[in-house]
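Engineer: quick one, fold the following:
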Amino acid sequence: MINSTSSYFIFSTYLPVGALRYLFFMLTAVIYMFILISNTSLIVVICMNRSLHEPMYVFLCSLFVNELYGSTGLFPFLLLQILSDVHTVSRPLCFLQIFCLYTYVNVEFCNLAVMSYDRYLAICCPLQYNTRMMWNKAVTFIIVLWVYSSVKCLVTLLLTIRLPLCGNVLNNLYCQNFLVVKLACSDTTVNNIYGLFGIFLTVLVPLLPILFSYTKILKVCFSGSKQTRQKAVSTCTPHLVSLLNFSFGCLFETLHSRFDVIKFPSELRILLSLYFLIIQPLLNPLMFGLQMSTIRNAWKLAAM
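Structural biologist: Have a look, this model is predicted:
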């Protein structure tokens, strides 16, 4: 029976944990608080310290803002669902979460791509860096990547909202666009084509500057001095770890939800579906905050 008038969705993946729900609630709340405090602290340190008002740190600030944005799209919702006996969400809130989480993913990849290009200029073209990557140019890059990601995800959402649905049960812990599309009673060819095209854009557009940048950086490292190699390792390691971690999480979620080619026990699938939304906001402040000496020193001065 067509259920296009249903005003809510039901999540079927939540396990009956009984009294353990309060333990899960506390663990989730602690993780969320750590993400809020760590990312906000680094944003404040970068904004308050004039020595950090450089393109590289402008991109980092955008990255930390995006971690707060994505986490806020997930954690408050997740905390409410953990405490609730009935795991439902209204249609408008579900679509809002889809927009937030999908924008977060796109901004993350684009931000990491711009950061790789910035590292390429700093390592391979150090004498031209200040003219080729100025502060106002960095701000323009950030505005473009946020607008591009928002428009791309808005089109995805508008294509989904128009669909009449034959059900309202989502096999997940949070709202996901493709799971809503699978409930449609009408033809979803346009959604599927744009969805695959969207995955292509999300991956290929950032991948090209990343591959270009690291190909050039590797060439310089092999032919350059020991000091150049040390500079490349110290500035690129946090970026590479962040990029590989996020790519792994997104790859698993895409393969499982859209193509259903990976079979895992339900408990493991639940954990992995949350991986890229939880570990990335936890990892980035630790990687960039602890590994980069300029941020560590600025943090020490701010704490004194």
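Engineer: neighbours of V151, how many?
Structural biologist: V151 has 12 neighbouring residues, counting by other Cβ atoms under 10 Å. Every C-beta, even on glycine, is put in place using the N, C-alpha and C of the backbone.
Engineer: list the contacts for the most centrally placed residue in the chain?
Structural biologist: By Cα atoms, centre = their mean, the chain has its centre lying nearest to V105, at 3.8 Å. By Cβ atoms under 8 Å, 6 or more residues apart in numbering, V105 lies in contact with G70, T202, C250, F276.
Engineer: greatest separation within the residues you listed: which pair is it?
Structural biologist: Greatest spacing in those, by Cβ to Cβ: G70 and T202 (14.3 Å).
Engineer: ok, those two, which is more surrounded?
Structural biologist: G70 (24 against 21).
Engineer: how close does the residue nearest to the centre of the chain sit to A184?
Structural biologist: Noted for V105: a distance of 22 Å to A184, by Cβ to Cβ, to the nearest Å.
Engineer: D85 too?
Structural biologist: Counting by Cβ to Cβ - D85 and A184 are separated by 29 Å.
Engineer: between those two, which is the more surrounded one?
Structural biologist: A184 (17 against 7).
Engineer: please name the bridge partners of the more buried one.
Structural biologist: L165 (DSSP bridges).
Engineer: which stretches of this protein form helices?
Structural biologist: Counting by DSSP state H, the chain has helices at residues 21-48, 55-83, 91-124, 129-132, 135-161, 177-181, 189-223, 226-254, 266-291, 293-303.
Engineer: burial measure for the residue lying closest to Y214 once chain neighbours are set aside, as a count.
Structural biologist: Distances taken as Cβ to Cβ, 6 or more residues apart in numbering put S116 closest to Y214, at 6.5 Å, once the chain neighbours are dropped. Counted with other Cβ under 10 Å, the neighbours of S116 add up to 23.
Engineer: ok, S116 - contacts?
Structural biologist: Contacts of S116 by Cβ under 8 Å, 6+ apart are P209, I210, S213, Y214, H239, L243.
Engineer: pretty sure L170 sits against Q176.
Structural biologist: Yes: if you go by Cβ atoms under 8 Å, L170 and Q176 touch, sitting 7.1 Å apart.
Engineer: any idea how far K137 is from the nearest residue to F276 once chain neighbours are set aside?
Structural biologist: The shortest distance from F276 to any non-neighbouring residue, by Cβ to Cβ, 6+ apart, is to G249 (2.6 Å). To K137, G249 is 30 Å away according to Cβ to Cβ.
Engineer: just L79 next, same as before
Structural biologist: Distance of L79 to K137, given as Cβ to Cβ: 40 Å.
Engineer: return the set of buried residues in stretch 163-178.
Structural biologist: The neighbour-count criterion (16 or more other Cβ atoms under 10 Å) identifies L163, L165, G167, N168, L170, N172, L173, Y174, C175, Q176, N177, F178 as the buried residues of stretch 163-178.
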